[in-house]
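> From the sequence below, what's the structure:
(chains A and B)
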There are 2 protein chains.
Amino acid sequence: MTAIYQSAAWAALKEHVSTVDALHLRDLMQDEARCAALTAQHGDILLDFSRQRVTSETMDMLFNLCEAADLEGKRAAMFGGEKINTTEGRAVFHVALRAPRDATMCVDGKNVIPDVHEVLDRIGDFATRVRSGEFKGCTGKPLRNVVSVGIGGSYLGPEFVYEALRTDKEAAVQAAGRRLRFLANVDPVDAKRALEGLDPEETLVVVVSKTFTTAETMLNARTLKDWLVSHLKGKATTEAITKSHIVAVSTSVEKCQAFGVDAANIFGFWDWVGGRYSVCSAVGALPLALQYGYDAVKAFLAGAHDMDRHFLEAPLRQNLPVLLGVLGVWNSTFLGSACRALLPYSQALLRFAAHIQQVDMESNGKRVAIDGTELPFEAGEVDFGEPGTNGQHSFYQLIHQGRIVPCDFLGYCESPAPVSLAGEPVTNHDELMSNFFAQADALAYGKTAEQCAEEGVPEPLRPHKVFPGNRPSSSLLFPKLNAFSLGQLLALYEHRTGVQGFIWGVNSFDQWGVELGKQLASKASSTLEVRTELSKARSSNAVPEGFNPSTTAMLAHFLKHSAAGKLAAAEELATAK
Amino acid sequence: MTAIYQSAAWAALKEHVSTVDALHLRDLMQDEARCAALTAQHGDILLDFSRQRVTSETMDMLFNLCEAADLEGKRAAMFGGEKINTTEGRAVFHVALRAPRDATMCVDGKNVIPDVHEVLDRIGDFATRVRSGEFKGCTGKPLRNVVSVGIGGSYLGPEFVYEALRTDKEAAVQAAGRRLRFLANVDPVDAKRALEGLDPEETLVVVVSKTFTTAETMLNARTLKDWLVSHLKGKATTEAITKSHIVAVSTSVEKCQAFGVDAANIFGFWDWVGGRYSVCSAVGALPLALQYGYDAVKAFLAGAHDMDRHFLEAPLRQNLPVLLGVLGVWNSTFLGSACRALLPYSQALLRFAAHIQQVDMESNGKRVAIDGTELPFEAGEVDFGEPGTNGQHSFYQLIHQGRIVPCDFLGYCESPAPVSLAGEPVTNHDELMSNFFAQADALAYGKTAEQCAEEGVPEPLRPHKVFPGNRPSSSLLFPKLNAFSLGQLLALYEHRTGVQGFIWGVNSFDQWGVELGKQLASKASSTLEVRTELSKARSSNAVPEGFNPSTTAMLAHFLKHSAAGKLAAAEELATAK
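Numbers count the residues shown, from 1 in each chain, chains lettered A, B, ... in the order given. Sure, this is the predicted structure:
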């Protein structure tokens, strides 16, 4: 197959840029037929992309590009369980995690759905027993607190969903009296934050690591085991404490058992689930079921599955993930934007951007095509964002008058926590959404010097109050935020990333770049080497060796100024035990 | 004065790019003299910028650029209280907020320091009385909870400092039994999150708004007043409830009083304090003093002042904010990076990036120079980040193998919450810091195809495991994280932004871009218009009018799917009252 950047469709889009450069959204937005054409709906989810810098011709060309990239073939291969993650020799089958019980989805000729549902059933059963108090801590108390220990894909997705559901009415009822915390960072500060105010007798630790060898997660797991044992010793044996208070989400039964986890409390997943695509596996399902009940997890999975079906079946031109994906490629590759802003008009989605940063930047932040050839263009954007209206009082200044940053506006028709005050013109949610509608238009239209003059802006100020406009955005309007629609939202963005990777021709499912830094060639430091040298220096005052001059100097500075810290740690340990 | 981009210094740097393009950090890092030269220290804070793509010649040229931009003159004007924010006719004098009592710092010939300390003294006195229980709620209970209501500059900075101090030992002792929450977003979900579990009888609301007219903040203030009054009515009059439970940080005494705030409990600041530079005014000082005690605030201000002196007095080549600033200009303007990653190896700094996003992107995300002429280059980068090690398992993939994103690594020699487990080679903090040291080298060195071959990587995989390296970063090593060093960190980044703005010739202290969207020309929607039309639609089922076809269709969709929400809101209100 010809590389995508050598295709006629690619060349046509390159050439088309100058046509679009001559247009301004201020004018395009007046065209009723164009606006109507540049929307798509799935159920009650509305995507309006009329504020993208596209014409119907652009869209035709982008769909030609999909054809040139064999987007539909790649999608079919993914849903067919083929090993499209060729550099790791794996299928990419997170869609199977949320398929119904009666589905048939095969990898290597084997239907994986029975395994998926066997684990889900065990999660449902376990969560129910913990929540009811049947499964107890080692001193007989119910386990009201859960600390989920994991990093990256074992953390960001579950945290995003946990935060999003906190103010959902049903979920809040289910969560009454319970606490879910996450511990990801190897920084001991994170452990302190996660454990603040928790009673070990009432605390269940979920260790989430595919291989059960992730350095940060395993050190945190040992830290929490130490915390549990040091507080509960005398009341039970270490073995009993571990069995009652630590469970695991992992593919390595052996390593979990060696750690002391009861075989009955190990929840598996499969090599066809990538870390950043694992929210719908036990990685997310277990902690979320413990906090919000298993029904919430079922609704979440149903929502994700609903979007999977839409992605698989809807015509490309009405297909939400495909549309978001082709617009991403257009903005990034052809119009040259390095970044993308995610702007949910919902405080419940405060950790959405952090999760999508991982999903998207780890997937498409690549320098070579899936066949190993170097890309002559930059794939993968930098995603960032904060909830609107907060962002409006922060970085929107740059978005309006600085660099061009394509924006995704996300809004909900209904609020999960409505407030309506006497004497106000609108409810608080309508006020929020007034901003949602207005900001997209502000970016598109901008404001000219003439308009400033008409408004009576003094001449010297006018250039400062001119907004160029013509800044692209998409608006996504969901009916309401709940477990089901969160599943839809997650799958929508997972597939958007997949679509961009399919078009660019990269492997969106490997992540060789996260390995560097752990082991490196000589003279450059690696985590392993620094750890070894720090260990030596702490025990024998040896001077760290083998690093470049900068690292050597920094390590000396570090050691010099942390001597007191070392003593404090020793004292703290002595006091705690 | 010649525009900076027409200066010889600018042209020299442009030309110099090709020289630097021929170098690789892998080689540069072996040069001991170069590494030693590319560091600077202020007290025990070490900045190592040897992993920036610079030579000593580059640095010379960058300091020539500082001279061409009259950086020192502009800095002197700022510290001299001159009205350098010319588009708003204001001085830029946040450095006066943290000057000692005996300093003299004048605006319009008037020493502002006595006013600054008068307010600080009142904050100290008020916070002490609240914390001791002398100042009580209207039912006689001590006020253990504080909800700080503000958005943008009235929120992000104080939240960053609040989170950073949560695990500081001294601060934690002071905060025992107390809670501080922030309410920024007009989304009622944010109000629900902020109020969760709080007893109104024990809750003090701090309304933070310079003009007391910020739409989001005032709606939230009315929402909280309604919450207080609806829960406490019958126990006290509305007037008494308001006086005992609501205080204000604002320059508008009149409007605060009209809202019902006692004149004694209004804490002012001045028009020479920009919102995003206001953390050291009552905006941050009051909520932080209430939570952590006034001594913590004093230490924080002293740290910021210490960095102010360093910025004002240290030679440019040893001046930390200047160095960070010139390197920012170099990476952005000359090497073409649109983004910058902030990577604190401290979970306590989890909201640092969000605050710096505002400080930096709102300041330098501009399209015109301070004199109104259009810039022929892009000023202002996109800042984003998450704490390391979390980022390593997320977006670092892109940073290693995708686009070039200059990184700021931040680390601490001592941990505020040390953990040392028996049997581990290093403490948890040393493990964290091993990553800090290794990642910077990984970015600089990368890994070649030859190295992959030597390691036995099979040939087809090699291109995927090649890391180009040569990716720039700076490393900042602080002795420890506490109130004082947080003040230093804040001022360091405030001044970095100022330095970049001074060099680029923009006004880093106005923000005309945040105004757009509130009022717009016809056909484009504005918050005001949407609010008006939504209000009409809700009360009379009128069809929203006057918008472009897209907004009209989206509003119709919104209204159709939010009818149930409207009813639910009415019901909730009826139940609550």
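> any weak-confidence spans in chain A?
A:1, A:517-523, A:563-577 (pLDDT under 70).
> Tell me which stretches of the stretch 451-577 of chain A form helices.
Secondary structure of the stretch 451-577 of chain A (DSSP state H, counting those that start in this stretch): helices at A:462-465, A:483-504, A:527-540, A:549-561, A:563-576.
> mind checking how far stretch A:86-106 is from the chain centre?
Offset of stretch A:86-106 from its chain centre (CA atoms, centre = their mean, to the nearest Å): 19 Å.
> List the buried residues of that stretch.
Neighbour counts over stretch A:86-106 (16 or more other CB atoms under 10 Å in any protein chain shown) mark A:86-88, A:90-99, A:105 as buried. Placement of C-beta: from N, CA and C, glycine included.
> still on that earlier bit, among the helices of the stretch 451-577 of chain A, which comes closest to A:Met433?
Closest approach to A:Met433 among the helices of the stretch 451-577 of chain A (CB to CB): helix A:483-504, 16.0 Å.
> other SSEs contacting that closest one?
Contact analysis of helix A:483-504 by 3 or more CB pairs under 8 Å, 6 or more residues apart in numbering or on different chains; DSSP states H and E lists helix A:71-79, helix A:156-165, helix A:294-313, helix A:320-329, helix A:362-364, strand A:473-478 as its packing neighbours.
> so which of those gets nearest B:Thr19?
helix A:362-364 (32.2 Å).
> Which residues does that closest one contact?
Contact partners of helix A:362-364, identified using CB atoms under 8 Å, 6 or more residues apart in numbering or on different chains, comprise A:152, A:276, A:379-381, A:497-498, A:500-501, A:504, A:506, A:508-509, A:511, A:513-514, B:394-395, B:397-398, B:402.
> if I look at A:Gln439, how far off is B:His245?
To B:His245, A:Gln439 is 33 Å away according to CB to CB, to the nearest Å.
> any idea where the helices of the stretch 251-400 of chain A begin and end?
So, for the stretch 251-400 of chain A - with DSSP H, counting those that start in this stretch - the helices run A:253-259, A:282-292, A:294-313, A:320-329, A:352-356, A:362-364, A:396-401.
> Indicate which one of these is closest to A:Arg122.
helix A:282-292 (8.6 Å).
> Just the C-alphas of the closest one, formatted as CSV.
Listed next in CSV are the C-alpha coordinates belonging to helix A:282-292 (Å, rounded to 0.1, in the frame of the first residue of the first chain):
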residue,chain,number,x,y,z
ALA,A,282,-11.5,-4.9,35.7
VAL,A,283,-9.0,-1.9,35.9
GLY,A,284,-12.0,0.5,36.0
ALA,A,285,-14.9,-1.9,36.7
LEU,A,286,-13.6,-3.1,40.0
PRO,A,287,-13.0,0.2,41.8
LEU,A,288,-16.0,1.8,40.3
ALA,A,289,-18.3,-1.1,41.2
LEU,A,290,-17.0,-1.0,44.8
GLN,A,291,-17.8,2.7,45.0
TYR,A,292,-21.0,3.1,42.9
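> That helix vs helix A:294-313, what angle?
140 degrees (axes from the mean of the first three to the mean of the last three CA atoms, to 10 degrees).
> Report the angle between helix A:282-292 and helix A:483-504.
160 degrees.
> got the buried residues for helix A:282-292?
A:Ala282, A:Val283, A:Gly284, A:Ala285, A:Leu286, A:Pro287, A:Leu288, A:Ala289, A:Leu290, A:Gln291, A:Tyr292.
> winner for burial among the helices of the stretch 451-577 of chain A?
helix A:483-504 (a mean of 25; mean count of other CB atoms under 10 Å in any protein chain shown).
> Could I get the CA-only coordinates of that one as PDB?
Provided in PDB are the C-alpha atoms of helix A:483-504 (Å, rounded to 0.1, in the frame of the first residue of the first chain):
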ATOM      1  CA  ALA A 483     -22.900   6.400  33.800                       C
ATOM      2  CA  PHE A 484     -24.300   5.500  30.300                       C
ATOM      3  CA  SER A 485     -23.300   8.700  28.600                       C
ATOM      4  CA  LEU A 486     -19.900   8.600  30.200                       C
ATOM      5  CA  GLY A 487     -19.400   5.300  28.600                       C
ATOM      6  CA  GLN A 488     -20.400   6.800  25.300                       C
ATOM      7  CA  LEU A 489     -18.000   9.800  25.800                       C
ATOM      8  CA  LEU A 490     -15.100   7.500  26.700                       C
ATOM      9  CA  ALA A 491     -15.600   5.300  23.600                       C
ATOM     10  CA  LEU A 492     -16.100   8.300  21.400                       C
ATOM     11  CA  TYR A 493     -12.700   9.700  22.300                       C
ATOM     12  CA  GLU A 494     -11.000   6.300  22.300                       C
ATOM     13  CA  HIS A 495     -12.200   5.800  18.700                       C
ATOM     14  CA  ARG A 496     -11.400   9.300  17.600                       C
ATOM     15  CA  THR A 497      -7.800   8.600  18.500                       C
ATOM     16  CA  GLY A 498      -8.000   5.300  16.700                       C
ATOM     17  CA  VAL A 499      -9.300   7.000  13.600                       C
ATOM     18  CA  GLN A 500      -6.500   9.500  13.500                       C
ATOM     19  CA  GLY A 501      -4.000   6.800  13.900                       C
ATOM     20  CA  PHE A 502      -5.600   4.700  11.200                       C
ATOM     21  CA  ILE A 503      -5.400   7.600   8.800                       C
ATOM     22  CA  TRP A 504      -1.900   8.700   9.700                       C
END
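> how far off helix A:320-329 does that helix point, in degrees?
Using the same axes, to 10 degrees, helix A:483-504 lies at 50 degrees relative to helix A:320-329.
> And for A:Ser18, the neighbour number?
A:Ser18 is flanked by 8 other residues according to other CB atoms under 10 Å in any protein chain shown.
> element containing it, please.
Assigned by DSSP states H and E, A:Ser18 falls within helix A:8-21.
> what comes into contact with that helix?
With CB under 8 Å, 6+ apart, helix A:8-21 has contacts from A:4, A:53-55, A:57-58, A:61-62, A:64-65, A:67-68, A:330, A:334-335.
> please redo it, this time with the cut-off set to 10 Å
A:2-5, A:7, A:28, A:52-55, A:57-58, A:60-69, A:329-330, A:333-336, A:377, A:470, A:503 (CB atoms under 10 Å, 6 or more residues apart in numbering or on different chains).
> just the buried members of the residues you listed?
Using 16+ other CB under 10 Å, the buried ones in the contacts of helix A:8-21 are A:4, A:7, A:28, A:52-55, A:58, A:61-66, A:68-69, A:329-330, A:333-335, A:470, A:503.
> Among those, which ones are in strands?
Per DSSP state E, strands hold no members of those.
> picking up where we left off before, between the helix holding A:Ser18 and helix A:320-329, how big is the angle?
Going by the same axes, to 10 degrees, helix A:8-21 makes 70 degrees with helix A:320-329.
> Stretch A:36-44: end-to-end distance?
Criterion CA to CA, to the nearest Å; first-to-last residue distance in stretch A:36-44 is 16 Å.
> From the chain's centroid, how far away is it?
25 Å.
> Quick check: buried residues in that stretch?
So, applying 16+ other CB under 10 Å, buried residues of stretch A:36-44: A:Leu38, A:Thr39, A:Ala40, A:His42.
> did I read that right, A:Phe182 in a strand?
Yes - the assignment for A:Phe182 by DSSP: H, G, I helix; E, B strand; the rest coil puts it in a strand.
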